[in-house]
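Student: Let me see the structure of the following:
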Amino acid sequence: MNGDSRERGKLTPEGLPDPSVFSTKYNREGIRVGTAVALFVRNAKRAKKPNVRYRDFWGATKREDLRNSLAAKIFNVEYQIADPQAFNKFSFRPGEIGGNYLAWPKLPDLAGIPPINGLMEKRGSALINIDRAQLVSRMRQYYDKNMDWHTYKRLGKPLGKNAVRFNAEKTRKKVIGKEEFDAERVVRYFLRPFDVRHAYYTAVRPVWNEPRPQLWAQYAGSNSFLISRPAHVADPEGVPFGFTRCLGDNDAFRGHAYYIPISKRDNANGMLAATTIANLSKRSRDYLKALGYADLNENAAVASIIWLHALATGYSRRYLAENADGVTIDWPRIPLPDTRDMLDSSAALGRRLAALLDTEGDVVEVTTGSLAGHYRVLGAISASDLTVNAGWGRADKKGSVYPGTGKIVARDWTQAERDALKAGFVAAEIPEARGFELLGRPVDVYLNGTTYWRAVPEQVWEFYIGGYQVIKKWLSYVRNP
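Tutor: As a prediction, the model looks like this:
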C-alpha cells in the first residue's frame, strides 16, 4: 500500500501525491511507515514452494482501489508472481535477477576486513561544524577543566544537554578526567555526498552516540574508503557507491553508510599503525595473482585496483539498469574481468571517478589549472550574494533537517551556451545529439531571490548518490548547518 515517506517521500513513481492508506480529511498525514496488506492461506498439505502474488496500489485513491479490486472477475491478472528466497532475503516483492549476477562476489567478499559503519553523532551537530575554528573553540571550552559544569551548561551548548543514552554532566566529567583537547583529532568529515565538514573525534563514550573506534583506527589520518550499503532503502537511490579520504558519517548514505578501507591497518593506535597492507580477501588476492599482479601489499596502485574497478562498475548506467533488482536487495555484486587489460582499463576509469568524488584533492582542468570553455557555461554564479534562503530546507527543534522545494527554473540552452558545449563535445569525441541528451535541459538553481547557479545540466541537478539528490541535499544542509 506504499505511503512510506522515507522511501519515496510520499510520491508515486509519476511524482504525484501518495498519502498513507490511513490518511483522512481529519488526519492527512496518516502514518509515515509504508504499509502492506497480506492474506496468507495455509493448505492441508505443505507446499515445497510458497505461491506469492504481489500488487502495488499507488496514489490518493488506494483505499478505494483496493476495495474495488475485490470485484474483479479475473483476480490474479493484476498481480505479479514473487519469488522469496534466501538470496533476496525472502522478499515478497517481485524482481528479476538475470545473467551471472548471483555468481559475482559481493563487496564484502573482496575485502580483508568487513565494511565498517560510519560514526553516529546524535548530539545536535555539537561535534561537527563547517568552520574549523568554531569547532576548535567549542571543544576547547568542553575540555576546559577550569570551567565548572554550571558555567559550561549556561553556555547552552548541545553537549551540555541530556539526550537518550547521554547524561551530559557525567559524560563531561568522564571525558576531562581521561583526556585533554587534541587539535589533531579535528579531522575532515564526510557528512553527505560532497558535503564534507570538520569533526572532533574522541572514543570516550558516550560523547559520540557511536564513535566507531574500528573506523577511526583504519582512518588513521591517511587512508581511502570505498563507500556503499548492505541494501537500498530509498527510491530513487541513484548510485550506491562513494569514495572519500575522510572519516565518515553513518548517514552519509540513506540506509547507513559502510566504509571499506583501501588499506588495512593492523595494531592501529591513535594516528599510527604498526603495519599497513592491502585490504584484500583471499579470493581477491588469488584473483589478482592469477592475472599476474604482484606486490599486492607494497604497491599501493595494485592494492587499490580492485576497489577502483568496483567504483567504476558502480557508476555504470548499464550495470545499475541491468542489475537493478539484485543491487537493491543486498550488497552490490561486482563482476571481475577475465583479463588484466580489462581490469586495468576499468580501474583507470575508477581512478578518475575517485578523483572527482574526492573533495580533498584538486582535479586538473576541473578545480585547478585552465578550465575548458564548455565548463565555464555550466553552473556559473549570477551574483555575489551567496545567502541561501530560497526555501531549500528547514530544521526542527531537535535539529533534524528537512528539505524544502527551493526554486529552480528550467529553460532551453541559449545559442552561446550551445556553441560552447558543442566545442566540448568535439574535443571529447561525443556526437552532438548524444552530448545534449547526456546533459538534459539547463536549470537555473536559485540560492536567494537574485543569485542563482546558471545552466546546471538537468542530469546533474537530478543526480542521486546513496539515496540523496546531491545538490538539493547540500543546499538544505547549508541553509541549516
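
Student: and the closest residue to Leu343 other than its chain neighbours, which of the three is it?
Tutor: The shortest distance from Leu343 to any residue that is not its chain neighbour, by C-beta to C-beta, 6 or more residues apart in numbering, is 4.5 Å, and that residue is Pro337. Any C-beta I mention is one placed from the backbone N, CA and C, and that applies to glycine too. The three-state label given to Pro337 by DSSP: H, G, I helix; E, B strand; the rest coil is coil.

Student: and Pro337, what does it touch?
Tutor: Listed by C-beta atoms under 8 Å, 6 or more residues apart in numbering, the contact partners of Pro337 are 309, 343, 346.

Student: I'd like the average pLDDT over the host helix or strand of the first one.
Tutor: Spelled out, that is His309. When secondary structure is defined using DSSP states H and E, the element that contains His309 is helix 300-314. Mean pLDDT, helix 300-314: 95.

Student: And the strands in the stretch 301-450 of the chain?
Tutor: Taking DSSP state E, counting those that start in this stretch, the strands of the stretch 301-450 of the chain run over residues 380-381, 393-395, 401-403, 408-410, 442-446.

Student: nearest to Arg63, of those?
Tutor: strand 401-403 (26.7 Å; C-beta to C-beta).

Student: Quick check: which helices or strands does that closest one pack against?
Tutor: Using 3 or more C-beta pairs under 8 Å, 6 or more residues apart in numbering; DSSP states H and E as the contact test, the elements touching strand 401-403 are strand 393-395, helix 470-479.

Student: Now do Ala310: how many residues are near it, please.
Tutor: Residues contacting Ala310 under the criterion other C-beta atoms under 10 Å number 25.

Student: Please name the spatially closest residue to it (chain neighbours excluded).
Tutor: With C-beta to C-beta, 6+ apart as the measure, Ile334 is the residue that lies nearest to Ala310, at 4.8 Å, once sequence neighbours are left out.

Student: Number of residues surrounding that neighbour?
Tutor: For Ile334, the number of neighbouring residues by other C-beta under 10 Å comes to 20.

Student: where does the stretch 1-150 of the chain dip in pLDDT?
Tutor: Residues of the stretch 1-150 of the chain that meet the criterion pLDDT under 70 lie in 1-10, 28-30, 32.

Student: Now do the helices in it.
Tutor: Ranges of helices within the stretch 1-150 of the chain are 62-69, 107-110, 132-143, 149-154, based on DSSP state H, counting those that start in this stretch.

Student: Return the second one as PDB; C-alpha atoms alone will do.
Tutor: What that stands for is helix 107-110. The C-alpha atoms that make up helix 107-110 are tabulated as PDB, following Å, rounded to 0.1, in the frame of the first residue of the first chain:
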ATOM      1  CA  LEU A 107      31.700  -6.200  -2.000                       C
ATOM      2  CA  PRO A 108      32.400  -7.700   1.500                       C
ATOM      3  CA  ASP A 109      33.700 -10.800  -0.200                       C
ATOM      4  CA  LEU A 110      36.500  -8.800  -1.800                       C
END
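
Student: Does it pack against any helices or strands, and if so which?
Tutor: Packed against helix 107-110 by the contact rule (3+ C-beta pairs under 8 Å, 6+ apart) you find helix 282-290, helix 300-314.

Student: closest to Gln80 out of those helices?
Tutor: Between Gln80 and the helices and strands packed on helix 107-110, the shortest separation by C-beta to C-beta is 27.6 Å, and it involves helix 300-314.

Student: So which of the strands of the stretch 301-450 of the chain is the most surrounded?
Tutor: The densest packing among the strands of the stretch 301-450 of the chain, expressed as mean neighbour count by mean count of other C-beta atoms under 10 Å, is seen in strand 442-446 with a mean of 21.

Student: closest to Ile471 out of the helices of the stretch 1-150 of the chain?
Tutor: Nearest to Ile471, of all those, is helix 132-143, at 23.7 Å by C-beta to C-beta.

Student: buried set for that closest one?
Tutor: By neighbour count on 16 or more other C-beta atoms under 10 Å, the buried set for helix 132-143 is 132, 135-136, 138-139, 141-143.

Student: quick one: the residue nearest to Pro114 when sequence neighbours are not counted from Leu343, how far?
Tutor: In this structure, Pro114 finds its nearest non-sequential neighbour in Pro108, 5.7 Å apart by C-beta to C-beta, 6+ apart. From Pro108 over to Leu343 the distance is 20 Å, taken as C-beta to C-beta, to the nearest Å.

Student: Show me which of the two is the more surrounded one.
Tutor: Using other C-beta under 10 Å, the more surrounded residue of Pro108 and Leu343 is Leu343, with 20 against 15.

Student: residues touching that one, list them.
Tutor: Counting by C-beta under 8 Å, 6+ apart, Leu343 touches 291, 305-306, 309, 336-337.

Student: re the thing from before, wait, the residue nearest to Pro114 sits on Leu226?
Tutor: No - counting by C-beta atoms under 8 Å, no contact exists between Pro108 and Leu226, whose distance comes to 11.2 Å.

Student: any residues in contact with both of those two?
Tutor: Between them, Pro108 and Leu226 have Ile260 as joint contacts when contacts are counted by C-beta under 8 Å, 6+ apart.
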